[in-house]
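K.L.:
Coordinates for the following, if possible.
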Amino acid sequence: MPKQKSLPRSIIIFDASNFYFKLKTLDIAHKSRFDYLKFSQWIAKNTLLTDKFYAVGEFKAKPTDKKEIRETMAKQQELLGRLKKDNFIIQLGYLLKTGGVYHEKGVDVQLAIDIMKGAYLDTYDICYLVSSDTDLIPAITEARSVGKKIVYVGFRHQVSYALNNQCDKSRLLTKSDILPLIR
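P.N.:
Model (predicted):
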């Protein structure tokens with residue numbers, strides 16, 4: 001009797017801010033209507049998806065903040081609640097406001113840790129990386145050096161050629177790929 005081939009184990013890692021801004025360039029209303037679970041299952045088809053990571057800078061609003069900030073925080077909390085229900089591992093960074101603009105802090109480091117930790121603990125064979133952040137290249141290179149496959153999940157209209165070249169494979173998405181995943 002032939003030995004049955006097992007599916008490769010996979011994880012998917014979302015750089016939430018990066019993903020949000022890529023969707024925005026496609027004129028897609030991100031909000032909490034995007035189906036991250038369905039997207040993850042579609043991207044990782046023909047693998048055993050073991051973990052789903054979602055890294056984001058956390059909005060923290062005070063009662064004295066403008067209504068817009070409080071509403072944004074409430075929407076983020078709603079989305080995080082839905083992701084937790086779908087068994088995503090939420091990795092929170094923070095937002096630092098400088099010059100009237102928010103900057104995400106601590107998220108890239110968390111993404112790199114997730115890539116490396118899974119590689120060294122051998123919890124995946126394939127990592128689907130939904131990010132175009134080239135700061136992750138050292139972690140990608142190290143994970144690949146221990147035999148892990150990294151798949152860059154980016155957007156056809158704004159390809160990160162550095163990640164495209166550093167990863168084993170690429171999945172370049174279009175607006176028509178994304179639209180069916182909006183609830």
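
K.L.:
which element follows the lowest-mean-pLDDT helix or strand in the chain toward the C-terminus?
P.N.:
Among the helical and strand segments of the chain, the one scoring lowest on mean pLDDT, DSSP states H and E is strand 101-105, with a mean of 78. Counting by DSSP states H and E, the next helix or strand C-terminal to strand 101-105 is helix 107-120.

K.L.:
can you map out the strands along the chain?
P.N.:
9-15, 48-58, 89-98, 101-105, 126-130, 149-155, 169-173 (DSSP state E).

K.L.:
CSV for the ones you listed, including distance to residue 35 and mean neighbour count?
P.N.:
Backbone N, C-alpha and C define where each C-beta goes, glycine included. Output for the strands of the chain, formatted as CSV (distance: least, Cβ to Cβ, whole Å; neighbours: other Cβ atoms under 10 Å):
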stretch, distance to residue 35, mean neighbour count
strand 9-15, 13, 24
strand 48-58, 12, 20
strand 89-98, 17, 14
strand 101-105, 23, 13
strand 126-130, 14, 25
strand 149-155, 15, 22
strand 169-173, 14, 16
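
K.L.:
Comparing those strands, which yields the minimum mean pLDDT?
P.N.:
Comparing mean pLDDT across these, the weakest is strand 101-105, with a mean of 78.
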